[in-house]
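Peer 1: Task: produce atomic coordinates for the following.
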Amino acid sequence: MSSNMDSAPVSYTDTHPPAPALEIAGAAVVFDGEELFSGLDLTLEGGRITCLLGPSGVGKSTLLRFIAGLAEEASGTVRLSDGSAVAPKLAYMAQHDLLLPWLSARDNVLLGARLRGQTPDIARAESLLADLGLADAATLRPAKLSGGMRQRVALARTLYEDRPIVLMDEPFSSLDAVTRHGLQALAAERLKGRTVLLVTHDPLEALRLGQRILLLAGKPAQLREVAPPAGPPPRDLQAVGMGEAHAALMASLQAAKEAQ
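Peer 2: Residues are numbered from 1 along each chain as shown. All right, here's what the predicted structure looks like:
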C-alpha cells in the first residue's frame with residue numbers, strides 16, 4: 001500500500017478548536033420488539049479515541065446510529081460539552097460502505113461537500129485516496145473495486161469531512177491483515193485530537209487504537225470500562241503488557257458472550 005505519510009499530519013487541534021466531549025444521557029433503543037439498552041449514560045472524552053466492543057447483536061452499531069440521530073424507537077439525549085449542535089460536527093462511517101455506484105471513488109469522497117453546495121477540494125480528496133493506497137483507483141466506480149478498496153474509499157470520505165466528532169463502525173473489517181495494520185496507524189494520526197467512537201470486533205484493534213476501551217454486554221446492554229494498555233495509539237502489538245491486556249480482554253469478551 002502506497003502512502004503520502006512521509007511526514008505525520010498535524011493534530012486536529014493544531015488547526016481547529018479543541019474537540020468537545022460528547023455526552024449521552026438516558027439512551028434507550030428498542031429494535032424488533034427487544035430493548036437493546038435502557039437508561040444508558042456515556043460521556044466520550046473530547047479529543048480521544050474510544051473503542052467499543054461486545055458480542056454480536058448487543059447493540060454496538062445501534063448505539064452509533066443513536067448518537068447520529070438515525071435510530072428508530074429511541075429516546076434519550078445527545079449533546080456536546082460546548083453547547084453546539086451535534087449534527088454539523090459529526091462524521092459517521094457506517095459498517096457498509098454506502099458508496100453511490102454511479103460515482104467514481106473520488107466523487108464519492110466529495111459527495112458531502114457537493115450536497116452542501118460547497119466547492120469540492122479535489123486535490124485533498126485525491127491526496128486522501130493516495131494515503132489509503134488508492135491513487136490509481138480515484139476514477140474507478142465502486143463496481144470495479146474490491147470490498148477492501150470500497151471500505152477505504154468510505155474511510156477517505158469520512159476523513160474528508162474533517163469533523164471534530166467521528167463515529168466509525170468496524171472501519172477496517174474488510175481489509176487484509178497487513179493493510180489493516182497500516183491503516184490503523186494512519187487513522188490514529190488523522191484522528192488525533194478528535195472525539196472518536198470506534199466499534200470493532202477485533203480486541204487487538206481496540207488495544208492498539210483505544211485511549212479508552214468500553215465493553216457493551218447484557219440484556220438490556222450496559223457499558224463496562226476496560227483499562228487500555230499504556231502509551232499513545234497506535235500501540236506496538238509487541239509492546240510490554242499487550243499480551244496480558246489481550247488475554248484479559250478476550251476473557252471479558254468470552255464472559256460477555258456466554259451471558260447473552
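Peer 1: Grab the nearest non-local neighbour of Glu45.
Peer 2: Beyond its immediate neighbours in the sequence, the residue positioned closest to Glu45 (CB to CB, 6 or more residues apart in numbering) is Ala21, lying 5.7 Å away. (C-beta placed from N, C-alpha, C; glycine too.)
Peer 1: what is the residue sitting nearest the centre point of the chain paired to in the beta sheet?
Peer 2: Among the residues of the chain, the one closest to the centroid is Met168, at 2.1 Å (CA atoms, centre = their mean). Counting by DSSP bridges, Met168 forms beta bridges with Met93, Leu198.
Peer 1: So it is in contact with Thr158, correct?
Peer 2: Yes - with contacts counted by CB atoms under 8 Å, Met168 reaches Thr158, the gap being 7.0 Å.
Peer 1: Which residues are in contact with each of these two?
Peer 2: Taking CB atoms under 8 Å, 6 or more residues apart in numbering as the contact definition, Met168 and Thr158 share the neighbouring residues Met93.
Peer 1: which residues does the residue nearest to Glu45 contact?
Peer 2: Listed by CB under 8 Å, 6+ apart, the contact set of Ala21 reads Thr43, Leu44, Glu45, Gly46, Leu80, Ser81, Thr195.
Peer 1: what do you get for Ser252?
Peer 2: For Ser252, the contact set (CB under 8 Å, 6+ apart) comprises Leu215, Arg224, Val226.
Peer 1: for the host helix or strand of Ala123, packing partners?
Peer 2: Secondary structure assigned from DSSP states H and E places Ala123 in helix 122-131. Using 3 or more CB pairs under 8 Å, 6 or more residues apart in numbering; DSSP states H and E as the contact test, the elements touching helix 122-131 are helix 105-109, helix 147-160.
Peer 1: Of these, flag the one that's most buried.
Peer 2: Of all the helices and strands packed on helix 122-131, helix 105-109 has the most neighbours on average by mean count of other CB atoms under 10 Å, namely a mean of 25.
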